[in-house]
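Student: sharing a model that was predicted from the sequence below.
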Amino acid sequence: MYPNDPFAPLRAVLRHHHDTGRLRIASDMARDRFLAYAEIDLLPLFRRLCHVLRQEGLSAQDVHALDDHPPWIGVWVDTDSRRGLLLRPGDEQAMQLIVRRCADPVIEATYRLDYRHFTASRLAKAVEMVLPQILWPAEPPL
């Protein structure tokens with residue numbers, strides 16, 4: 001996640017052992033792994049996203065509930081209708097990016113973001129790709 005991660009060599013060794021099967025990620029790590037990313041990486045990224053949206057004249061609010069089950073982080077683009085982006089744990093290998101285009105009725109799309117390849121720039125690219133679904137949602141079905 002960090003451009004000059006002092007633990008990059010350690011990460012490389014751990015990932016090598018994951019690849020060879022010598023080290024396994026426990027299936028009950030989904031919540032803990034998400035929280036580890038949330039506290040250090042995701043909260044600041046979503047706060048920054050919220051500031052960028054506001055600077056461009058959009059109503060945006062960063063929200064999170066890390067104590068919920070499952071925990072989640074989000075940005076509401078339209079706080080009245082609860083349209084926006086949410087991140088929550090998926091499984092031990094990935095988190096979920098949920099794009100909520102409409103809250104009543106709920107219209108959502110879910111995307112998988114692998115932890116192994118997670119970077120701030122990948123998240124930003126994913127947000128750029130899905131944001132039009134929120135800003136210009138299709139008409140809800142009748």
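Tutor: The structure has been received and is ready for your questions. Numbers count the residues shown, from 1 in each chain.

Student: could you use CA atoms for every contact and neighbour count after this?
Tutor: OK.

Student: low-confidence stretches in this structure?
Tutor: Residues of the chain meeting the criterion pLDDT under 70: 1-3, 79, 137-142.

Student: now the residue most central in space within it, which residues is it bridged with?
Tutor: In the chain, the C-alpha nearest the mean C-alpha coordinate belongs to Leu87, at 3.6 Å (CA atoms, centre = their mean). Beta-bridge partners of Leu87, counted by DSSP bridges, are Ile73, Leu97.

Student: is it correct that it is in contact with Arg100?
Tutor: No. The pair Leu87 / Arg100 is not scored as a contact, 11.0 Å apart, by CA atoms under 8 Å.

Student: quick one, helices of this structure?
Tutor: For the chain, the helices defined by DSSP state H cover 8-20, 30-37, 43-55, 120-135.

Student: looking at the ones you listed, which is buried most?
Tutor: helix 30-37 (a mean of 18; mean count of other CA atoms under 10 Å).

Student: which residues does Gln55 contact?
Tutor: Listed by CA atoms under 8 Å, 6 or more residues apart in numbering, Gln55 has no contact partners.

Student: one more pass at 10 Å, please.
Tutor: Taking CA atoms under 10 Å, 6 or more residues apart in numbering as the criterion, Gln55 is in contact with Leu49.

Student: I'd say Arg83 and Cys102 touch.
Tutor: Yes. Because the distance of 5.6 Å satisfies CA atoms under 10 Å, Arg83 is recorded as touching Cys102.

Student: those two - which one has more neighbours?
Tutor: Between Arg83 and Cys102, Arg83 has the larger neighbour count (other CA atoms under 10 Å), namely 25 against 20.
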